[in-house]
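Trainee: structure here, sequence nowhere to be found:
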């Protein structure tokens, strides 16, 4: 991935983290220290792996970990959506804009495409070692 691609990835990830933290703060009280905390921790792990991938010379293992962590995050958010946690506001179920999950899901998909492009670029360059 070029430096421009890395900048786009960072920018998209910052946008996603800010939005995600806002949404997680509204999850039901009984989930604030369970699934919400796991999602938050996994999101920060993905951020750490993005930074680590940028700095490593041999990126194969770290990029693979990044790809797996990203997929874990995607599935945790899907689970939260299926449990209707995105319909909560201030810990209580209410009539909330149903686009919460769609907006975060769209960002997760874009980030996944950027990670996939990074892996693809290294593979075509023969640097996926």
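Mentor: Great, that's in hand. Fair warning: this is a prediction, and the values are worked out from it, not measured in the lab. Numbering: from 1, shown residues only.

Trainee: for the helix or strand harbouring residue 115, name the packing helices and strands.
Mentor: Element membership of residue 115 [criterion: DSSP states H and E] is helix 99-125. Applying 3 or more CB pairs under 8 Å, 6 or more residues apart in numbering; DSSP states H and E, we find helix 99-125 packed against helix 3-24, helix 60-82. Where you see a C-beta, it was placed from the backbone N, CA and C, and this is true even at glycine.

Trainee: tell me which of those helices sits most buried.
Mentor: Greatest average neighbour count among those goes to helix 60-82 (a mean of 17), per mean count of other CB atoms under 10 Å.

Trainee: distance between the worst-scoring helix or strand of the chain on mean pLDDT and the chain's centre?
Mentor: In the chain, no helix or strand scores lower on mean pLDDT, DSSP states H and E than strand 92-93, which sits at a mean of 76. In terms of CA atoms, centre = their mean, to the nearest Å, the centre of strand 92-93 is set 24 Å apart from its chain centre.
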